[in-house]
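# build me a model:
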Amino acid sequence: GNLFTAGVNHLIQVPDRLALIEDKAIQKAKDEKEPLERVTDPGFDEKAGTDDDITIVFKDGKRDSEHFATIPLLEPIAKSIEAHIRANDWRVPDNETGKALLNDITDIWGRPLEYLVVNSRQCRVFSDGPDRMPLTQWDEGITITVEIPEPEPSGWFAKMIAQIRPQETWADQRKVELGIQEETKAGETRAASVSATRFVGGQTRLQGAAYFWFFTWVMLGTAVVFAIVAKFYRPREYFHDEVPEEEEIVEALQ
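Residues are numbered from 1 along each chain as shown. Modelled structure (predicted):
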């Protein structure tokens, strides 16, 4: 089951263009022994100085900010979504409400901007990018994440689990390493907050509810197949004093 899930997740993963640019730039800086400050990728058309260029700014060797053509369109919408989340008890707008906040705005390539609810604490506003194709490494967007601190554990067992469990998730630890998020000091508690992360590519071909429905149907199909096999399969039983037919033939030949 784990191997199947890992295989599906690998197949549906769209290449992360920002990560590819970052890795290539870091490796080049190491090889040439030069400080890493800024790198610009020529983008989909592979021509520098055009609208689809992607720029990453580094600080102390880590990614500090990303810049691409649709940012001036996406950021005001992202701020409107953040304001809606704060005004509605930290709830992510549903797809209908989120699309209404887009106001039918189109990107610089003439395609309408899109809104998608990923889960109860995360949503995305994005453009299909310069290739005008959905779910490719050229999609440009902003992921908005609601971070709600967990309540203090109650009961001795919950407190014991809380002591051995890491205070930060792997994703939060990775954000701290990349300089995207500040590290939480010991004993410090966070209030509910909203964060926005820019992306180019790196999404999945099964998004939102479609991802969960896919595995729901897989499990249902597996259960049906198992029931059919269990109904028609007739196991053969051997007793200790019985000799299988194959062994009788071997003994006769000897």
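# tell me the phi and psi of R121?
phi -120, psi 10 (degrees, to the nearest 10).
# any idea which residue sits dead centre in the protein?
Q203 (6.0 Å; C-alpha atoms, centre = their mean).
# wait, that residue sits on L135?
Yes: the pair Q203 / L135 is scored as a contact, 6.2 Å apart, by C-beta atoms under 8 Å. For the C-beta atoms, the positions are set from N, CA and C on the backbone; glycine is no exception.
# joint contacts of those two?
V14 (C-beta atoms under 8 Å, 6 or more residues apart in numbering).
# tell me how the protein divides into domains.
Domain assignment for the chain by automatic domain parsing gives 152-184, 210-253.
# check the ones you listed for me: which has the lowest mean pLDDT.
Ranked by mean pLDDT, these bottom out at domain 152-184, with a mean of 57.
# ok, Q27 - how many residues close by?
Neighbourhood size, Q27 [other C-beta atoms under 10 Å]: 10.
# ditto for the one 4 residues further on
Residues near D31, counting by other C-beta under 10 Å, number 8.
# state the helix or strand in which it lies.
Secondary structure from DSSP states H and E places D31 in helix 17-32.
# on that earlier part again, name the nearest residue to the residue nearest to the centre of the chain, sequence neighbours excluded.
Excluding the flanking residues, the one nearest Q203 by C-beta to C-beta, 6 or more residues apart in numbering is V14, at 5.0 Å.
# residues near that neighbour, how many?
Neighbour number of V14 under other C-beta under 10 Å is 17.
# thinking it is in contact with L206, fair?
No: counting by C-beta under 8 Å, L206 is not a contact partner of V14; they are 10.6 Å apart.
# what about stretch 92-102, average pLDDT?
95.
# contacts for it next, please.
Under C-beta under 8 Å, 6+ apart, the answer for stretch 92-102 is 77, 80-81, 84-85, 112-117, 120-123, 125, 144, 146.
# same thing but 6 Å
Residues from elsewhere that reach stretch 92-102 (C-beta atoms under 6 Å, 6 or more residues apart in numbering): S80, H84, L113, Y115, V117, C123.
# okay, buried residues for that stretch please.
V92, P93, G98, K99, L101, L102 (16 or more other C-beta atoms under 10 Å).
# equivalent analysis for stretch 119-139, please.
Judged by neighbour count (16+ other C-beta under 10 Å), stretch 119-139 contains these buried residues: 121-131, 134, 136-139.
# now stretch 193-202
Result for stretch 193-202 [16+ other C-beta under 10 Å]: buried residues V194, T197, R198, F199, V200, G201, G202.
# from these, which land in strands?
V194, T197, R198, F199, V200 (DSSP state E).
# per-residue pLDDT, the residue nearest to Q203?
pLDDT for V14: 93.
# distance of it from W217?
Computed as C-beta to C-beta, to the nearest Å, the V14 to W217 distance reads 22 Å.
# ok but E46 is inside a helix, no?
No: per DSSP: H, G, I helix; E, B strand; the rest coil, E46 lies outside any helix segment and is coil.
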